[in-house]
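need coordinates for the following:
(2 chains)
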Amino acid sequence: MMNKIEIKNLSLSYGNKTIIQDLSMNIRQNEIFAIIGPANSGKSSLLKAVNRMTDFNNEVQIKGDILLDGESIYKDEDSTHLRRRIGMVSPLPVGLPMSIRENVTYAPRMAGCKDKNELNSILEDCLKKAALWDEVKDRLDHLATKLSGGQQQRLTIARALSHHPEVLCLDEFSIAIDPVTTMKIEEVLMQLKKNMTIVMVTNVINQAKRLGDRTAMMLHGEIIDMNDNSRLFNGEVKDSRTKDYIEGLFG
Amino acid sequence: MFEKSRYLAEKEVKEKKFKNTLGVVSFILFLPAICIILWLFIKGAPALSWDFLLTNPRDGMTAGGIFPTIVGTFWLVIISVLVSCPLGVVAAIYLSEYAQDNKLNRLIRLAILNLAGVPSIVHALFGLGAFVLFLNIGTSILAASLTLAVMNLPVIITATLESLKSVPQSYREASWNVGASKLQTIRYIVLPNSFPGILTGLVFSVGRSAGETAAILFTGVAFYLPFLPQTVFDQCMSLSMHLFTISTQVVGVPESYTYATALVLILLILSVNSVSIALRYYFRTKRKW
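Here you go, the predicted model:
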């Protein structure tokens, strides 16, 4: 299977503090790749390195390389185009201070799309995928910042899908969402992976088990275990700490 | 059941005392402002008339009106704001959104802070040296306005920086995350949401320029001119300067005439400040988060 993302000897540090140490791994095309691990193990930083949000933080130093479709993501000085190819859902929901409609169509508009019909179809499609359409379809022009936390989280998912990314990174997308809605979104993700590659950081081990094709266990900035889900969650682990973490013995 | 313990009762008394003290102190601060305005009204209002506002001074500035000084003040304020607004806002956007935290930028920030602390008479001397003599503009509305602009820059930059900072970083990140460029993020997210604060800062600086005297002293303001300025290269009169002149330099000016001039100046500044307050109030009701 083709590799969508290849991470090569990536090290990342904030000032003197090393977050990720010499990490190498591949993420395959059209898979759901789950990353689990306790807090502070560098999971979110890894996602930020992949879409180069780290560019905006002067304290971050990065060594190594990340390839997307075989090409270095650092090739281009400007990382804006890269972020159009990678959708990112951050753990804290942020509705931009504009209407729901403007929120979801923000990315395509910034990419130069002006066609009203196209924007409307993106709006409906993305909100449906994020399981938010039914709740907001009658008030699309209301302020997004007035939505509840869980709704804003789903809005963030809709926004991340709105620019048709090739890779979707989800950083704990379900912390503010109830279980029923979470299941709906998970079903959508299973559908979406036909067309995109999904990288998912999660604290819910069952979610990684349910959704992932492969799962990596991260600890102190290193991948200590990585395997197909069918194996990893059936006791085939390289490191006993993975087993303990999965079984809830630490972390 | 609901009886207060001695500790709680004492705490309540303390709380009340503290609150009352704060109230009294606030009122003391408020008092001078009210006194000044009332006093000016009582002394100056009788001399106030359309004639006073719309005619030239006569008889060695001991009679007539203050029309040219109002016109001059408007010229000075408008041109200085036209210069300082774009400069200040652009500089603040650079400092807040683009500049990295290095030595040079820290130096720039320090310079701006220091500029805010420079006495206006020093600004006047700077204006005289830089604009009137070095750039050879001559004593003119332009030179005086540029001096005022320099004086107002730190105020505008600081106000703009503060309002830019009030836009949560998470909004910028959310915008970058979906592939909006830095410029687009500033244009569509940061500026629309910091606009009220920036505008308030600008209006505030207008009020400050209108009342400024020392900074325009050597650079473009005349004691008395028999004609109105036609271009920015002419000199002009100003309300603040006129007030200084008739209260200290000219003998035989009726008291009510001086007070009325001060009253017009204060009302002008107050009305500008009221606009600023009204704007702030209006935008607060439209807040989006």
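
average pLDDT across the helix ranked longest in chain B?
For chain B, the helix with the greatest residue count under DSSP state H is helix B:6-44. What helix B:6-44 shows for mean pLDDT is 91.

packing partners of it?
Secondary-structure packing of helix B:6-44 (3 or more Cβ pairs under 8 Å, 6 or more residues apart in numbering or on different chains; DSSP states H and E): helix B:255-285. (Glycine included, C-beta is placed from N, CA and C.)

hmm, A:Gln101 is touching A:Glu124, no?
Careful, residue A:101 is Arg and not Gln. No: using Cβ atoms under 8 Å, A:Arg101 makes no contact with A:Glu124, being 10.2 Å away.

count of residues packed around the closest residue to A:Gly15 other than its chain neighbours?
Excluding its sequence neighbours, the residue lying closest to A:Gly15 (Cβ to Cβ, 6 or more residues apart in numbering or on different chains) is A:Glu59, at 4.9 Å. Counted with other Cβ atoms under 10 Å in any protein chain shown, the neighbours of A:Glu59 add up to 11.

how near is A:Glu59 to A:Ser13?
8 Å (Cβ to Cβ, to the nearest Å).

same check, this time on B:Ile42
Note on B:Ile42: its distance to A:Ser13, by Cβ to Cβ, is 70 Å.

pLDDT value on B:Met1, please?
B:Met1 carries a pLDDT value of 63.

for A:Met1, same thing?
What the model reports for A:Met1 is a pLDDT of 66.

kindly report the same for the one 10 residues further on.
The score at A:Ser11 is 94. That number is its pLDDT.

how far away is A:Val204 from B:Ile277?
50 Å.

these two - which one has more neighbours?
Ranked by neighbour count (other Cβ under 10 Å), A:Val204 and B:Ile277 place A:Val204 first, with 15 against 12.

in the stretch 51-200 of chain B, what residue spans correspond to helices?
Assigned by DSSP state H, counting those that start in this stretch, the stretch 51-200 of chain B shows helices spanning B:67-93, B:103-117, B:120-127, B:141-165, B:169-177, B:182-185, B:191-211.

now these as TSV including mean pLDDT and mean neighbour count?
Shown next, in TSV, are the helices of the stretch 51-200 of chain B (pLDDT from 0 to 100; neighbours: other Cβ atoms under 10 Å in any protein chain shown):
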stretch	mean pLDDT	mean neighbour count
helix B:67-93	92	21
helix B:103-117	88	12
helix B:120-127	90	19
helix B:141-165	92	24
helix B:169-177	93	20
helix B:182-185	94	16
helix B:191-211	87	20
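
contacting residues around the closest residue to B:Ala159 other than its chain neighbours?
Nearest-residue entry for B:Ala159: B:Gly201, 2.5 Å, with adjacent residues in sequence omitted and distances by Cβ to Cβ, 6+ apart. Counting by Cβ atoms under 8 Å, 6 or more residues apart in numbering or on different chains, B:Gly201 touches B:155-156, B:158-160, B:162-163.

out of these, which is nearest to chain A?
Using Cβ to the nearest Cβ, B:Ser163 comes nearest to chain A of the contacts of B:Gly201, at 13.9 Å.

identify the residues contacting the closest one.
Neighbour list for B:Ser163: B:194-198, B:200-201 [criterion: Cβ under 8 Å, 6+ apart].

switch the cut-off to 10 Å
Residues in contact with B:Ser163 (Cβ atoms under 10 Å, 6 or more residues apart in numbering or on different chains) are B:92, B:96, B:190-191, B:193-201.

can you pull the buried residues of stretch A:130-139?
Across stretch A:130-139, burial judged by 16 or more other Cβ atoms under 10 Å in any protein chain shown covers A:130-133, A:136.

where does pLDDT dip in the stretch 151-251 of chain A?
A:251 (pLDDT under 70).

enumerate the residues of it near chain B.
Contact residues, the stretch 151-251 of chain A versus chain B (Cβ under 10 Å from any Cβ of the partner chain): A:156, A:159-163, A:165, A:169.

turn these into CSV, including secondary structure and neighbour count.
Below are these laid out as CSV (DSSP: H, G, I helix; E, B strand; the rest coil; neighbours: other Cβ atoms under 10 Å in any protein chain shown):
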residue, secondary structure, neighbour count
A:Thr156, helix, 29
A:Arg159, helix, 28
A:Ala160, helix, 24
A:Leu161, helix, 24
A:Ser162, coil, 28
A:His163, coil, 23
A:Pro165, coil, 24
A:Cys169, strand, 28
